[in-house]
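J.: Pasting the sequence and the predicted coordinates here, then a few questions.
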Amino acid sequence: RGGGLISLTLYYDGYSSTRVIKRILKHIYNVSVSHVTVHNWTKIFASWFRFISDNFMPHLNLSSDEWHADETYVKIKGVDHYLWLILDSETRVIISFVLSPFRNSNQAYKLFFYSSNLTRASPKKIVTDRWDAYNEAIKNLYPHTIHHKYSAFSDDLNNNFIESFNKTFKAWYKTKKGFKNFKSALALITSFIYHYNFLRQHSSLNNLTPAIVAGAEYSDLDIEHWLLF
């Protein structure tokens, strides 16, 4: 008990390698595991984390002033793939995401289709860059929401919030030196976003997690139960 949370925190927040985590678990917590076991822990909970997240999402208060949508790229077996994201500006919750080899309007539609199924909440505005791929999805799935397209990061209303997340994600991603296959990449990214939403304390949120700020109620004991192995 507890090893899962320690491992996830070191892997996703501390950017430690599985071999370093193995040594820390042994020398500080007297838990003997192989680095392969640690690596498996970082992926094996992904479907369970997705289940937990999807069950919390409908109950979170995400009807804020702004949602932000953007995409960033990752490499899987050396090939560019795109991580599409929607972030709530007030709570910093990552609402939905899509990992895809494609960068087109179909993927943008899928991203907003997922968010509309996860939560009935809607923002006053959805902020994106000026790329047209987002137009149809927002118009059809969020017809009462203003679609704001910023021109530059110096605009009063821009995508700085989600760019901040992208920097955090990229700092972690760079330590992985790319992903070996799509299934592994999806599992690791799912766990990273779960950790970001539910476990990582954010200084900009008074050291609370985004989910807690959005109204989720769970305790340290609940977290231990989620991470039993």
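T.: On my side now, so go ahead. Residues are numbered from 1 along each chain as shown.
J.: Give the other helices and strands that the lowest-mean-pLDDT helix or strand in the chain contacts.
T.: In the chain, no helix or strand scores lower on mean pLDDT, DSSP states H and E than helix 3-8, which sits at a mean of 76. Secondary-structure packing of helix 3-8 (3 or more Cβ pairs under 8 Å, 6 or more residues apart in numbering; DSSP states H and E): helix 18-29, helix 35-44. Using the backbone N, CA and C atoms, a C-beta is placed for each residue, glycine as well.
J.: residues of the last one that come out buried?
T.: Neighbour counts using 16 or more other Cβ atoms under 10 Å place Thr37, Val38, His39, Trp41, Thr42, Lys43 of helix 35-44 among the buried residues.
J.: can you give me the helices in the protein?
T.: Using DSSP state H, the helices of the chain run over residues 3-8, 18-29, 35-44, 46-56, 105-118, 135-141, 160-174, 182-194, 210-213, 220-226.
J.: Compare the ones you listed and say which comes out lowest on pLDDT.
T.: For those, the weakest mean pLDDT is recorded on helix 3-8, namely a mean of 76.
J.: coming back round to it: using a markdown table, lay out the helices and strands packed on helix 3-8 together with distance to Asn135.
T.: Shown next, in a markdown table, are the helices and strands packed on helix 3-8 (distance: least, Cβ to Cβ, whole Å):
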| stretch | distance to Asn135 |
| --- | --- |
| helix 18-29 | 42 |
| helix 35-44 | 35 |
